[in-house]
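>>> only geometry, no sequence info:
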């Protein structure tokens, strides 16, 4: 099932419909401020296992939030990390922080760290608020490199494996910038859509 949304105009009825699917353990494809993501509720073991099956990988996933204040339940946030997040969020960044015990083991790295995101897209934050819990997020595993991502192609490839595809139009295939703050030292792991020059010497 594919549901169309306007990237700029919120649709509460769509949010409620998708949130209900998530609360029942469903897996969704949805737009972010970078690429299309795969997501499920953080408490859904079934959803996480389904995402691992779709990705053919158990590599760590990130957690998506709607508010910075909620991140400290799942990650250890130093004063410096909080300062940086207030600058970068919402935006096209993933920040890696030490994980707390609330983070499912399937989401952690070997270093007991986890990525956190607050995308600058109305749908992401609205659906998190509606479900009442953070959402697991990871990129769609498209089979080849491309300049743009078309949700119609996603539906053809993964429509039978997910519960709903939220179609916000064609997006550029540029991922988030990934920044590690496992210590107060900032380490750029991946340069993506979000500028990182403020952290460069």
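Happy to help now that I have it. The structure presented is a predicted model; accordingly, all values stated were derived computationally and were not measured.

>>> let me see the ranges of the helices in the chain.
12-23, 45-55, 79-88, 122-131, 151-158 (DSSP state H).

>>> got a list of what the residue most central in space within the chain touches?
Centroid-nearest residue in the chain, with CA atoms, centre = their mean: residue 137, separated by 3.2 Å. Going by CB atoms under 8 Å, 6 or more residues apart in numbering, residue 137 touches 32, 37, 38, 39, 61, 62, 63, 64, 117. C-beta: built from backbone N, CA, C; applies to glycine.

>>> what's the answer for residue 21, then?
Taking CB under 8 Å, 6+ apart, one finds 28, 163, 164 in contact with residue 21.

>>> what's the least confident helix or strand in the chain by mean pLDDT packed up against?
Lowest by mean pLDDT, DSSP states H and E among the helices and strands of the chain is strand 148-149, with a mean of 86. Contact partners of strand 148-149 among helices and strands, from 3 or more CB pairs under 8 Å, 6 or more residues apart in numbering; DSSP states H and E: strand 171-172.

>>> elements contacting the strand it packs on?
Counting by 3+ CB pairs under 8 Å, 6+ apart, strand 171-172 packs on strand 148-149.

>>> what comes into contact with the strand it packs on?
35, 36, 140, 142, 170, 171, 172, 173.

>>> tell me which of those residues has the lowest pLDDT.
Ranked by pLDDT, these bottom out at residue 142 (76).
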